[in-house]
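Novice: Here is the input, now give the coordinates:
(4 chains)
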Protein chains: 2
Amino acid sequence: MTNALYHPAPEEIALPAVLTALGDETRLTIISMLARFGEDERNMTCSYFLSLGSKTALSYHIGKLREAGIIYVRPEGTKRLLSLRRADLESRFPGFLDSILASAAQLPLNADPCEYPEKSGVQS
Amino acid sequence: MTNALYHPAPEEIALPAVLTALGDETRLTIISMLARFGEDERNMTCSYFLSLGSKTALSYHIGKLREAGIIYVRPEGTKRLLSLRRADLESRFPGFLDSILASAAQLPLNADPCEYPEKSGVQS
DNA sequence: TTCAATGTTCAATAATTATTGAACTTATCA
DNA sequence: TGATAAGTTCAATAATTATTGAACATTGAA
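Specialist: Residues are numbered from 1 along each chain as shown, chains lettered A, B, ... in the order given. Now for the predicted structure:
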């Protein structure tokens, strides 16, 4: 029982829920980083964002983003790969995500993606 | 001492605060109604929205919208006239408000503006 | 098989936000 | 002047959200 993660269908994505989910600095930063550095989905795991909070807190915030329909979470081995649901959001709320991302790009990134904990560094 | 109401300057309007303020059904409905029926600012007083909650609750929510920089509140006699800060929001977050309003237009209005309490009806 | 890495869940707590009712202010109207 | 209408403020409470740490599950790798 792979306990599939819930994701709302595109037409179920609700504006108030989306706004609530994005009205939080941590989550706004997460989607902003996903937009900037998430071209290659392989890198975007939960622990990529550890500088934003504890494991548990991130699990919570990422769950919020997922349930609101903002990101897609794909289990892969022991990791979970995150990606923005750009197309779904665009078709549901045209122009919305782009305007958010453009504006958020001016925000200070309170997390430097380069400080990603590379403890057991098996990079590449 | 007219106790002038605080309004953030255009450049002080912050995205997270705006998103937080709009991530609430009541407040989303308020700005949606302002956009739809607020062409003539004279009609848009706090009590126009009484069907959305108590006087006190509205005072609270309208304060949130004002402090976030989303609406402008102009005292006029014993009333307060509300208007959307369309231009300020557009220059700060291009496309954002329009995308919100377009999407919110599909939301059910849990308040019918026609049910506006017209007790002491001195209309026009 | 054992270990380490990645995440989740749960219960407890902290912190923030929203709602209420009562009392109050200010302005208008008769 | 006195009454009413429109809103605010305050303190109390309710409700929601966020954070923590401990325990757990799952996968991949030595």
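Novice: Just the element for the closest residue to residue A:102 other than its chain neighbours, please.
Specialist: Once flanking residues are discounted, residue A:102 sits nearest to residue B:94: 7.1 Å by Cβ to Cβ, 6 or more residues apart in numbering or on different chains. All C-beta spots, glycine's among them, are computed from the backbone N, C-alpha and C. Here residue B:94, judged by DSSP states H and E, is contained in no helix and no strand.
Novice: for residue A:74, same thing?
Specialist: Under the criterion of DSSP H and E, residue A:74 resides in strand A:71-76.
Novice: Can you name every helix or strand that that strand contacts?
Specialist: Counting by 3 or more Cβ pairs under 8 Å, 6 or more residues apart in numbering or on different chains; DSSP states H and E, the packing neighbours recorded for strand A:71-76 are helix A:25-37, helix A:55-68, strand A:79-84.
Novice: 10 Å instead?
Specialist: Where contact means 3 or more Cβ pairs under 10 Å, 6 or more residues apart in numbering or on different chains; DSSP states H and E, strand A:71-76 is packed against helix A:25-37, helix A:55-68, strand A:79-84, helix A:86-92.
Novice: Tell me which of those sits most buried.
Specialist: By mean neighbour count, with neighbours taken as mean count of other Cβ atoms under 10 Å in any protein chain shown, helix A:25-37 ranks first of these at a mean of 20.
Novice: Does that helix reach DNA strand C?
Specialist: No - counting by Cβ under 7 Å from any atom of the strand, DNA strand C has no neighbours in helix A:25-37; the shortest distance is 10.4 Å.
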